[in-house]
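> sequence-free structure coming up:
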């Protein structure tokens, strides 16, 4: 523990005082946002590596902002993998070499001194800039030149140095590492002790990185829009024609709305097989949809995306896995709600609302029928006839078909409810929940919040790009007249 008057060392447990970052009253619009039209260019290997590095940084920043549980984790190879065998072999050779040096007469401290230098650097990396006194203490206690001189004169005390290191680690580590640091004090073999010190220091550095991420998250959230937009533009400058899939995605949404505008008011959900004009062009005969409605339609289309058949929009690539998880959960909720609706329609509201009945409907087909029969018997109702049993099982089984009428109705209602979460000024609450979805309302609200969070962030970052693309999609420039009649 620090003495009175000394500064408190940092502990990566959320206890550090952080200055509240200032929030901008409004975002500054970046200069010229330009979806490039220039022809593709060939990048050198170094340019490709640099681009990959920039994409990695952009992806990490995006993940930190949207994923509250984001944490960096150490790379762990599979036990029987080639990488793990090579790593174990090299590590064993290194520590065996250190053991031979320390067991020699007189001991050879060359490798040990290098390790102590690396330990000092690791400890210093865990400090904040304001911890000058503790930094000076570590520099003095683990002075490499002094340690080398002690080794040359046979006066080096490895045990004393390692005890100081463990004491410093105990002050710097997060509470979750206290027991591990304490356990190191029981090790007597200097080689094993040094090896374990490095292992625990690696964990401490990961703790500090994750603590720093948590501390910086409010600041990143304030500035992530500008940062992501700037980095994305830099990538577009290097990789022209990188918005082709985004353009096609919005063109398809515009074509769907153009066709449906002449019919009854379109449902916010995505139709399973929209009748769109050739090549996704916007119909000139139908009323022109608004840019906002086109973008919202595009977002809702993501809930019916068919993997492997078309490329995901470039502007949503970083969220593809997150959105596909939402899509999977929506599909599960659709089937669950459809099963519940079919069963309640067959059994009646009195039976369906009995205690424990909804919980019993987690299984499909025979399990549902068994629970229905048991509950009917308990409540004194007559058992289902064989025809009614077959009908119930058949209706439940047919829900697996995407064209099933009940499933389609439930899917449309779910999509209609989720569309409220992506509207720029939309409000959503349980009062907006469509009929037949009461049993899944909590799960549906959670999915809607996560879906809306991703979409709102995407809309803020890429809104200017979408505006430029939609201008071209909705108001295409007429092709020059060549004077040649078309056939």
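Sure, I can see it. Note that the structure is predicted; figures quoted are calculated from it, not measured.

> Residue 123: neighbour count?
Each residue near residue 123 was counted by other C-beta atoms under 10 Å, and the total is 22. For the C-beta atoms, the positions are set from N, CA and C on the backbone; glycine is no exception.

> if I look at residue 192, how far off is residue 132?
With distances defined as C-beta to C-beta, to the nearest Å, the gap from residue 192 to residue 132 amounts to 34 Å.

> Correction: the previous question concerned residue 96.
Computed with C-beta to C-beta, the distance linking residue 96 and residue 132 is 40 Å.

> show me the residues around the closest residue to residue 297 other than its chain neighbours that make contact.
Nearest in space to residue 297, with sequence neighbours left out and distances taken as C-beta to C-beta, 6 or more residues apart in numbering, is residue 253 at 4.1 Å. Residue 253 makes contacts with 294-295, 297-298, 301, as judged by C-beta atoms under 8 Å, 6 or more residues apart in numbering.

> and those as JSON lines, adding pLDDT?
What follows is those, written out as JSON lines (pLDDT from 0 to 100):
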{"residue": "294", "pLDDT": "93"}
{"residue": "295", "pLDDT": "94"}
{"residue": "297", "pLDDT": "94"}
{"residue": "298", "pLDDT": "94"}
{"residue": "301", "pLDDT": "93"}
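
> Give me the buried subset of the residues you listed.
294-295, 297-298, 301 (16 or more other C-beta atoms under 10 Å).

> Secondary structure element for the residue nearest to residue 297, which one?
Under the assignment given by DSSP states H and E, the secondary-structure element containing residue 253 is helix 244-260.

> residues of that helix that come out buried?
By neighbour count, with 16+ other C-beta under 10 Å as the criterion, the buried positions of helix 244-260 are 245-260.

> now, the most widely separated pair of those residues?
Comparing all pairs in the buried residues of helix 244-260 by C-beta to C-beta, the longest separation belongs to 245 and 260, at 23.0 Å.

> what about residue 242, neighbour count?
Applying other C-beta under 10 Å, we find 17 other residues in the vicinity of residue 242.

> Quick check: the gap between residue 243 and residue 289.
Remark: distance between residue 243 and residue 289 (C-beta to C-beta) = 20 Å.

> Rank the helices and strands of this structure by mean pLDDT and give me the bottom one.
helix 357-360 (a mean of 48; mean pLDDT, DSSP states H and E).

> Check which element follows the helix or strand hosting residue 94 along the chain.
Residue 94 is located in helix 82-103, with elements delineated by DSSP H and E. If you walk from helix 82-103 toward the C-terminus, the next helix or strand you reach (DSSP H and E) is helix 110-125.

> helices and strands around that following helix, which ones?
helix 82-103, helix 132-141, helix 144-152, helix 158-172, helix 190-238 (3 or more C-beta pairs under 8 Å, 6 or more residues apart in numbering; DSSP states H and E).

> Out of the ones you listed, which gets nearest to residue 380?
Comparing the helices and strands packed on helix 110-125 by their distance to residue 380 (C-beta to C-beta), the top pick is helix 190-238, with 57.6 Å.

> Compute the inter-axis angle for the closest one and helix 82-103.
Using axes from the mean of the first three to the mean of the last three C-alpha atoms, to 10 degrees, the direction of helix 190-238 lies 140 degrees away from that of helix 82-103.

> Mark out where each domain of this protein begins and ends.
Dividing the chain into domains by automatic domain parsing, as the record does, gives the ranges 44-240, 245-474.

> what about the longest one, how long is it end to end?
Taking C-alpha to C-alpha, to the nearest Å as the measure, domain 245-474 stretches 17 Å from start to finish.

> mind checking the SS state of residue 435?
coil (DSSP: H, G, I helix; E, B strand; the rest coil).

> what about it, neighbour count?
The criterion is other C-beta under 10 Å. On that basis, residue 435 has 8 neighbouring residues.

> quick one, what contacts it?
residue 413.

> Look at it and report its pLDDT.
According to the prediction, residue 435 has pLDDT 83.

> for the stretch 301-450 of the chain, what spans make up the helices?
Per DSSP state H, counting those that start in this stretch, the stretch 301-450 of the chain carries helices over the ranges 320-347, 349-352, 357-360, 366-379, 386-398, 405-422, 441-474.

> can I get these in a markdown table with mean neighbour count and distance to residue 60?
As requested, the helices of the stretch 301-450 of the chain are exported to a markdown table (neighbours: other C-beta atoms under 10 Å; distance: least, C-beta to C-beta, whole Å):
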| stretch | mean neighbour count | distance to residue 60 |
| --- | --- | --- |
| helix 320-347 | 18 | 14 |
| helix 349-352 | 14 | 48 |
| helix 357-360 | 14 | 41 |
| helix 366-379 | 15 | 44 |
| helix 386-398 | 14 | 44 |
| helix 405-422 | 20 | 25 |
| helix 441-474 | 18 | 15 |
